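# Have a look; sequence and predicted model below, questions after that.
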Amino acid sequence: MAYPMPSPDLLRALAARLGPRGFTTDPADLAPWLTDWRRRVTGAAAALVSPATAEDAAFVVACAGAEGVAIVPQGGNSSMVGGATPAGPAEGRALLVSMRRMRAIRSISTEDNAVVAEAGVVLADLHIAVGERRRRFPLSLAAKGNATVGGLVSTNAGGTQVLRFGPMRSLVLGLEAVLPDGSLFQGLAPLRKDNRGYDLKQLLIGGEGTLGLVTAATLRLVSAFEARAVAWIGLRSARDALTLLRRLEDRLGEAVESFELVPAEGLALVLRHIPDTRPPLSHAWEWNVLVEAVGGADIGERLQSELMGAIEAGLAGDAMVAASEAQAEALWKLRESLSEAEARDGMAAKHDIAVPVADMPAFMAQASAAVVARFPGTRPIAFGHLGDGNVHFNVRAPAGGDDKAWFAAQAAAVSRFVHGLVTEAGGTLSAEHGIGRFKRADFAALADLVRLASMRAIKAALDPAGIMNPGALLPLAEDGSGQ
Ligand code: MLT
Ligand code: ZN
């Protein structure tokens, strides 16, 4: 599909409505937002448009739609899959619509246990705002200083608390969004039950901006906890890690909120590349797990005693429970810096895969062996959300070579291979990062036809002109060739 340039009349109308803070075509203003977070692709846009209200956002979409001009929505520009970069079919002709000016927290209700936050609210700011009211928004991830509510909703983001609270899909109570025809869907009521048929909100969650522009969300809150305990555990195998998780859940119940897997080479990368980090245990165990449990004042003692029991039972090798908030933060830093440490070490083909939880330990071992056999010298590394059956199964370039040349020549083939393995295992090639622009080809090639046809039908019904985020998520053509 060929996308037109916005006409001078359209650009003038947007400039007049949004003012200088909301509209620019200055290349210097656009530049920081044209390259994706992973620095893999740089796009181009006709203008950067920043609405300050839902009504302004609706005006932008309606005006663009009247000319068939494409829109690429953007929040904190922290997509792992190039989901918010104006590259692809409308490159240079799209409006890059930044939601960062819409950063009001419209309301917090401790009775409804709900917050209404606009699309541009940064996750870390949301945590602080609801914390002041003795509530928590129970979703966290390494990019919390940049990621925005609109992006989190649109990618159905996951993170490190999915184990207990689920991903965004289970935390969004209501949405406000501009649909591709410029109409404003006002569905912010904090309803816990709503059985009026198709759930438009759930189509927009994880829709990656291809079905509409999210302007605000009503999000579920939970009670603040009295205390948290964070522990680092050394183990001999990933299977032991899974057994340990179930044992802790049996004994501590819902207190276990995070259970994050870190392999020895992942910890070594962090210690090598991230300043002010030190090994938490005296021995370098083949596998490590970070556990966070929350509860009353005795949660630290309870976790400590369970971990001692696990060591005596031969399930864990060693463990340390943080003795202070500073130590807890230091342990989280080891886990949350993994992605950054890996990037500093060199290029890797990155994957965000899930299989049924019980299958993951065997899958990681078998897939690692298969990758190394097929691509000799590569260094697979798997870390992350074992309790969700979701790990980041990344394949690092062979040591000592030109990793950029390797990436350019091999990464796509490696990814197709890994995605093929996970599909054969009944899993998914995207557990929490989305499809975006980087995984679109593999998704189109490997997804079952019923899924793809249904998605195309939904897209065609809501966005017949294909103006919303072209190039992300979905190939529209039957032959998978693009939009
Ligand atoms: C994480 O779990 O650390 C994030 O999803 C980032 C990554 O995949 O590297
Ligand atoms: Zn992750």
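Alright, I've got the coordinates. Ligands and ions are numbered 1, 2, ... in the order given.
# what's near enough to touch Arg101?
Shown in contact with Arg101 (CB atoms under 8 Å, 6 or more residues apart in numbering): 21-22, 50-52, 120. All C-beta atoms are positioned from the backbone trio N, CA, C, and that covers glycine.
# how about 6 Å then?
50, 52 (CB atoms under 6 Å, 6 or more residues apart in numbering).
# Spell out the residue ranges of the strands in the stretch 301-450 of the chain.
For the stretch 301-450 of the chain, the strands defined by DSSP state E, counting those that start in this stretch cover 318-321, 348-349, 353-354, 379-385, 390-396.
# May I see those strands arranged in JSON lines, with mean pLDDT, distance to ligand 1 and mean neighbour count as well?
Formatted as JSON lines, the strands of the stretch 301-450 of the chain follow (pLDDT from 0 to 100; distance: least, CB to the nearest ligand atom, whole Å; neighbours: other CB atoms under 10 Å):
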{"stretch": "strand 318-321", "mean pLDDT": "98", "distance to ligand 1": "22", "mean neighbour count": "20"}
{"stretch": "strand 348-349", "mean pLDDT": "96", "distance to ligand 1": "9", "mean neighbour count": "24"}
{"stretch": "strand 353-354", "mean pLDDT": "98", "distance to ligand 1": "11", "mean neighbour count": "26"}
{"stretch": "strand 379-385", "mean pLDDT": "98", "distance to ligand 1": "5", "mean neighbour count": "24"}
{"stretch": "strand 390-396", "mean pLDDT": "98", "distance to ligand 1": "4", "mean neighbour count": "24"}
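# Skipping its backbone neighbours, what lies nearest Pro280 in space?
The shortest distance from Pro280 to any non-neighbouring residue, by CB to CB, 6 or more residues apart in numbering, is to Trp232 (4.1 Å).
# which residues pair with the one you found across the strands?
Leu290, Met320 (DSSP bridges).
# mind checking how far it is from ligand 1?
According to CB to the nearest ligand atom, to the nearest Å, Trp232 stands 16 Å off from ligand 1.
# Is it correct that Phe165 is in contact with Pro138?
Yes. Applying CB atoms under 6 Å as the test, Phe165 and Pro138 come out as touching, 4.2 Å apart.
# Comparing those two, which residue is more hemmed in?
In terms of neighbours (other CB atoms under 10 Å), Pro138 is the more surrounded of Phe165 and Pro138; the figures are 22 against 18.
# my read: that one touches Ser223, true?
No. Using CB under 6 Å, Pro138 is not in contact with Ser223, being 9.9 Å away.
# Number of residues surrounding Ala284?
Applying other CB under 10 Å, we find 13 residues neighbouring Ala284.
# Wait, it touches Ala264, no?
Yes. Here Ala284 reaches Ala264: they are 5.4 Å apart, a contact under CB under 6 Å.
# list residues touching both of these two?
Here Ala284 and Ala264 have no joint contacts, going by CB under 6 Å, 6+ apart.
# Please give me every residue in contact with the residue of the stretch 101-250 of the chain found nearest ligand 1.
Relative to ligand 1, the nearest point of the stretch 101-250 of the chain is Ala142 (4.8 Å; CB to the nearest ligand atom). Neighbour list for Ala142: Glu336 [criterion: CB under 6 Å, 6+ apart].
# So it lies in a strand, does it not?
No. Counting by DSSP: H, G, I helix; E, B strand; the rest coil, Ala142 is not found in a strand; it is coil.
# Spell out the secondary structure type for Gly300.
Secondary structure for Gly300, judged by three-state DSSP, is helix.
# Please give the number of neighbouring residues around it.
That count, for Gly300 with other CB under 10 Å as the rule, works out to 19.
# from memory it sits against Ala229, does it?
Yes. Taking contacts as CB under 6 Å, Gly300 lies within contact range of Ala229: 4.1 Å.
# Give the intersection of the neighbour lists for these two.
Val321.
# now Arg17, nearest residue through space, not along the chain?
Phe59 (5.7 Å).
# Could you confirm that neighbour falls within a helix?
Yes. Remark: Phe59 belongs to a helix, assigned using three-state DSSP.
# count of neighbours near it?
Quick note: Phe59 (other CB under 10 Å) scores 18 neighbours.
# In this protein, which helix is the longest?
helix 403-424 (DSSP state H).
# just the angle between that helix and strand 390-396, please?
Going by axes from the mean of the first three to the mean of the last three CA atoms, to 10 degrees, helix 403-424 is angled at 140 degrees with respect to strand 390-396.
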